[in-house]
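**Student:** compute the structure for the input listed below.
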Amino acid sequence: MARDISDSTPITSRDELVAWFEKGNKGNGSLRVGTEHEKFVFHKNTLAPVCYEGDAGIRALLEGMQKRTGWEPIEDQGHLIGLFDSVGGGAISLEPGGQFELSGAPLETVHQTHAETERHLNDVRAIGDALGLGFLGLGHSPLWSLKDTPVMPKSRYRIMANYMPKVGTRGLDMMFRTCTVQANLDFTDEADMVQKLRVSLALQPVITALFANSPFTENKLNGYLSMRSEIWRDTDNARAGMMPFAFESGMGFERYVDYALDVPMYFVKRGDIYHDVAGASFRDLLAGKLTALPGECATLSDWANHLSTIFPEVRLKRYLEMRGADCGMPPFIDALPALCVGLLYDHQALDAAWDLVKAWSAEERQRLRDDVPRLALNAKIQGRAVREIAGQVLELAEHGLKRRGHLDASGRNEAIYLAPLHRIVERGRTSAEDLIDAYQGPWRGSVAPVFTSNYL
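**Tutor:** Now for the predicted structure:
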């Protein structure tokens, strides 16, 4: 998340929380797509991670980006922790271990998000080159231990880092050593949200397989094709996972509100101060009975910020966030929004995708999600390999994008951005498997060359 929301409007009822979601309905308005991607930052001469302070630190990188883009600063207790484009709506933020994130603006076409990503990468390369810094497109840190990884000065991350080890074994790995690419999409009304949520949840393991790109940990193979996805299996299961209730009768905004109310809180922000309330109930805050902050009542800021600390495979805000993909090279950053737009923004494709997944049981969906980090395209559901399903999904998305008819200056539709995914399916091999071959072959058991092969 780029920055925490500031809206002190008080809320006192569950109905107001439901109404907050309903304001995300776009009706007959334009549906937009936003793309977010994280990348690891490293010193090019040593391959070491980059600390916050110093002449060639993360703060210096942010300051350089501020001068180059003119975006407004985001600060946390005097520390520059991000930038915000007040005109276009995009933002740059820091993840806990210094991962550098672009939270893209809501745009009309995948062509526009491609141009946005290209422009951002050109900017960070220019500033990074001057500082001797490089950028790595992988789903998991390939070389650095947790001890080696620097800590960014963001108050919410201190609270999370203290809480994570209490609720899972991999929370700190998730925070400090993973990178993702994410696509954010709109819905027209509640029924449209439910259908899109169900389709995208069921297919998120297929997306994980297509984008699997994290086979290394601490200079060796880790036994997975998507270690990033495997880490999420034991980060904090009270706030992560496949949300089986989303497929039950009666699913809608109210049901998600009830789910979110039962997810423990991390913090309550008042002014510039983050109050640690980790494990507390939002229901108590809503009733003005939060033990850690007696008398404090909930605001819209509290609700929006709380929703940003829930981490299912697909997250509902006033839009839907697709969270299953490892970060990769630029063509894969473009491919995720293209895939999701093609499936979810064309009614014919969306209905066909629902027909594809609607007979999968909760147990089958969970088993697929559990198998994919290790097996990727070779995982199976109802006797069908993910590779076969992925080919069918890509065909649906391609036809959906063609029907949308959004052309670039060369007359090409948005389906051009699916090309790297088609290659994955045709070859039956993920990016992770190509990296494993290189490691076992010409790289001679070293991951150092990945800093060149996957340099953004």
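**Student:** from now on I want contacts and neighbour counts done on CA atoms only, so please keep to that.
**Tutor:** Will do.
**Student:** where along the stretch 351-456 of the chain do the strands fall?
**Tutor:** 380-381, 384-385 (DSSP state E, counting those that start in this stretch).
**Student:** check the ones you listed for me and report the most buried one.
**Tutor:** Comparing the strands of the stretch 351-456 of the chain by mean neighbour count (mean count of other Cα atoms under 10 Å), strand 380-381 comes out on top with a mean of 18.
**Student:** what is it packed up against?
**Tutor:** Counting contacts by 3 or more Cα pairs under 8 Å, 6 or more residues apart in numbering; DSSP states H and E, strand 380-381 packs against helix 362-375.
**Student:** would you map the helices across the stretch 101-250 of the chain?
**Tutor:** For the stretch 101-250 of the chain, the helices defined by DSSP state H, counting those that start in this stretch cover 110-131, 155-167, 171-177, 190-210, 227-232.
**Student:** nearest to residue 300, out of those helices?
**Tutor:** The closest of these to residue 300 is helix 155-167. By Cα to Cα, the value is 17.7 Å.
**Student:** need the residues that contact stretch 109-120.
**Tutor:** Contacts with stretch 109-120, where a contact means Cα atoms under 8 Å, 6 or more residues apart in numbering, come from 32-35, 102, 104, 107, 330, 333-334, 337-338, 406-408, 414.
**Student:** whoops, stretch 12-30 was the one
**Tutor:** By Cα under 8 Å, 6+ apart, the residues outside stretch 12-30 that reach it are 11, 108, 186-190, 253-254, 257, 286-287, 297-298, 303, 317-319.
**Student:** just the buried ones from those residues?
**Tutor:** Neighbour-count burial (16 or more other Cα atoms under 10 Å) applied to the contacts of stretch 12-30 gives 11, 186-188, 190, 253-254, 257, 286, 297-298, 303, 317-319.
**Student:** so of those residues, which ones are in helices?
**Tutor:** Mapping the buried ones among the contacts of stretch 12-30 onto helices (DSSP state H) picks out 190, 253-254, 257, 286, 303.
**Student:** ok, so of these, who is nearest residue 160?
**Tutor:** Using Cα to Cα, residue 303 is the member of those that lies nearest residue 160, at 17.1 Å.
**Student:** number of nearby residues for the residue nearest to the closest one when sequence neighbours are not counted?
**Tutor:** Distance criterion Cα to Cα, 6 or more residues apart in numbering; nearest residue to residue 303, sequence neighbours excluded, is residue 17 at 7.6 Å. Using other Cα atoms under 10 Å, residue 17 has 20 neighbouring residues.
**Student:** give me the buried positions along the helix or strand where residue 17 lies.
**Tutor:** Using DSSP states H and E, residue 17 maps to helix 14-22. Across helix 14-22, burial judged by 16+ other Cα under 10 Å covers 17-18, 20-22.
**Student:** equivalent analysis for stretch 240-258, please.
**Tutor:** By 16+ other Cα under 10 Å, the buried positions in stretch 240-258 come out as 240-243, 246-247, 251-254, 256-257.
**Student:** now swap in stretch 78-89 and tell me
**Tutor:** 80-85.
**Student:** average model confidence for it?
**Tutor:** Average pLDDT, stretch 78-89: 96.
**Student:** pLDDT averaged over the lengthiest strand in the chain - what is it?
**Tutor:** In terms of residue count, the longest strand belonging to the chain (DSSP state E) is strand 33-43. Strand 33-43 shows an average pLDDT of 98 in the prediction.
**Student:** and that strand, what does it pack onto?
**Tutor:** By 3+ Cα pairs under 8 Å, 6+ apart, strand 33-43 packs against strand 100-103, helix 110-131, strand 133-136, strand 180-185, helix 330-344.
**Student:** these: which one's closest to residue 312?
**Tutor:** Per Cα to Cα, nearest to residue 312 of the helices and strands packed on strand 33-43: strand 180-185, 12.7 Å.
**Student:** so how far is the closest one off the chain centroid?
**Tutor:** Remark: strand 180-185 is offset 5 Å from the chain centroid, using Cα atoms, centre = their mean, to the nearest Å.
**Student:** helix 330-344 and that one, what's the angle between them?
**Tutor:** 30 degrees (axes from the mean of the first three to the mean of the last three Cα atoms, to 10 degrees).
**Student:** strand 180-185 pairs with which strands, parallel or anti?
**Tutor:** strand 33-43 (antiparallel), strand 320-326 (antiparallel) (DSSP bridges).
**Student:** CA atoms only for the shortest one - export them in PDB, please.
**Tutor:** Output for strand 320-326, consisting of C-alpha atoms alone and laid out as PDB, is shown next (Å, rounded to 0.1, in the frame of the first residue of the first chain):
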ATOM      1  CA  LEU A 320     -10.300  -6.100  -6.400                       C
ATOM      2  CA  GLU A 321      -6.600  -6.800  -6.000                       C
ATOM      3  CA  MET A 322      -5.100  -9.800  -7.700                       C
ATOM      4  CA  ARG A 323      -2.200 -10.900  -5.400                       C
ATOM      5  CA  GLY A 324      -1.000 -14.300  -6.700                       C
ATOM      6  CA  ALA A 325       1.900 -13.400  -9.000                       C
ATOM      7  CA  ASP A 326       5.700 -13.300  -8.400                       C
END
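**Student:** and it, which residues are buried?
**Tutor:** For strand 320-326, the neighbour count (16+ other Cα under 10 Å) marks 320-326 as buried.
**Student:** report the angle between the axes of the helix holding residue 17 and helix 190-210?
**Tutor:** Relative orientation of helix 14-22 versus helix 190-210 (the same axes, to 10 degrees): 60 degrees.
**Student:** so what's the model's average confidence on helix 14-22?
**Tutor:** Mean pLDDT, computed over helix 14-22, is 97.
**Student:** tell me how far it lies from the chain's centre.
**Tutor:** Per Cα atoms, centre = their mean, the centroid offset for helix 14-22 relative to its chain is 24 Å.
**Student:** ok, now stretch 62-70?
**Tutor:** 24 Å.
**Student:** measure the closest residue to residue 319 other than its chain neighbours to residue 95 for me?
**Tutor:** With Cα to Cα, 6+ apart as the criterion, residue 319 has its nearest non-adjacent residue at 4.8 Å, and that residue is residue 186. Separation of residue 186 from residue 95 (Cα to Cα, to the nearest Å) stands at 25 Å.
**Student:** same check on residue 249?
**Tutor:** Distance of residue 249 to residue 95, given as Cα to Cα: 37 Å.
**Student:** nearest to residue 223, of the buried residues of helix 14-22?
**Tutor:** Closest to residue 223 out of those is residue 21 (40.1 Å), distances taken as Cα to Cα.
**Student:** what about the closest one, distance to residue 186?
**Tutor:** Shown here: residue 21 relative to residue 186, a distance of 12 Å by Cα to Cα.
**Student:** hey, what's in contact with both of the two?
**Tutor:** Listed as contacting both residue 21 and residue 186 by Cα under 8 Å, 6+ apart are residue 318.
**Student:** nearest spatial neighbour of residue 241, chain-adjacent residues omitted?
**Tutor:** Nearest non-adjacent residue to residue 241, counting by Cα to Cα, 6+ apart: residue 312, 4.7 Å away.
**Student:** where does the prediction get shaky in the stretch 301-450 of the chain?
**Tutor:** With pLDDT under 70 as the threshold, the stretch 301-450 of the chain has no low-confidence stretch at all.
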